[in-house]
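I need the structure of the sequence given here:
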Amino acid sequence: MFYLTLGTMAQFTLGWVFMDHLSKSLLGFTLFWGVCAFLVVMMLLLALYDMLAVRQEQQLALRQLRERMFADQMEPPSHADDTGNSGTT
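I've put the predicted structure just below:
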């Protein structure tokens, strides 16, 4: 993500410096803006991936916290006096 941001800023700077040359060539102008669009779309996709990864990690952490806090309530009760006999000896 850092390198894509750096590349987008460098692309913007180069475009600003060489805009006179780019505006004279349709191919160069189209290629320049195509690369800019590609870099921005890749940054957006990585940001979306990061948001989903953080959300998934938070849900996992919350699930683990719930399991630790309510572990005694989730376990079935054990009866120490239950020996399997029906009460007649």
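
among the helices and strands of the protein, which one scores worst on average pLDDT?
Across the helices and strands of the chain, mean confidence by mean pLDDT, DSSP states H and E is lowest for helix 71-74: a mean of 74.

so where's this structure shaky on pLDDT?
For the chain, applying pLDDT under 70 flags the ranges 74-89.

and residue 32, how many neighbours?
Using other Cβ atoms under 10 Å, residue 32 has 19 neighbouring residues. C-beta coordinates here come from the backbone N, C-alpha and C atoms, glycine included.

in what helix or strand does it lie?
helix 26-69 (DSSP states H and E).

other SSEs contacting that helix?
Contact here means 3 or more Cβ pairs under 8 Å, 6 or more residues apart in numbering; DSSP states H and E; on that basis helix 26-69 packs against helix 2-17, helix 19-24.

quick one: which of those is nearest residue 59?
Ranking the helices and strands packed on helix 26-69 by distance to residue 59, with Cβ to Cβ as the measure, places helix 2-17 first at 26.4 Å.

Can you list the helices and strands that the closest one packs against?
Looks like helix 2-17 contacts helix 26-69 (3+ Cβ pairs under 8 Å, 6+ apart).

Off-centre distance for the helix it packs on?
5 Å (Cα atoms, centre = their mean, to the nearest Å).

which residues touch residue 35?
residue 11 (Cβ atoms under 8 Å, 6 or more residues apart in numbering).

Please report the number of neighbouring residues for residue 22.
19.

Hmm, residue 16 and it touching each other?
No - Residue 22 is not in contact with residue 16 according to Cβ atoms under 8 Å; the separation is 9.9 Å.

Find the residue at the geometric middle of this structure.
residue 50 (2.2 Å; Cα atoms, centre = their mean).

number of nearby residues for the closest residue to it other than its chain neighbours?
Excluding its sequence neighbours, the residue lying closest to residue 50 (Cβ to Cβ, 6 or more residues apart in numbering) is residue 1, at 7.2 Å. For residue 1, the count of nearby residues is 11 (other Cβ under 10 Å).

mind checking how far residue 24 is from residue 56?
49 Å (Cβ to Cβ, to the nearest Å).

if we compare the helices and strands packed on helix 26-69, which one ends up closest to residue 43?
helix 2-17 (4.8 Å).

Perfect, I'm done here.
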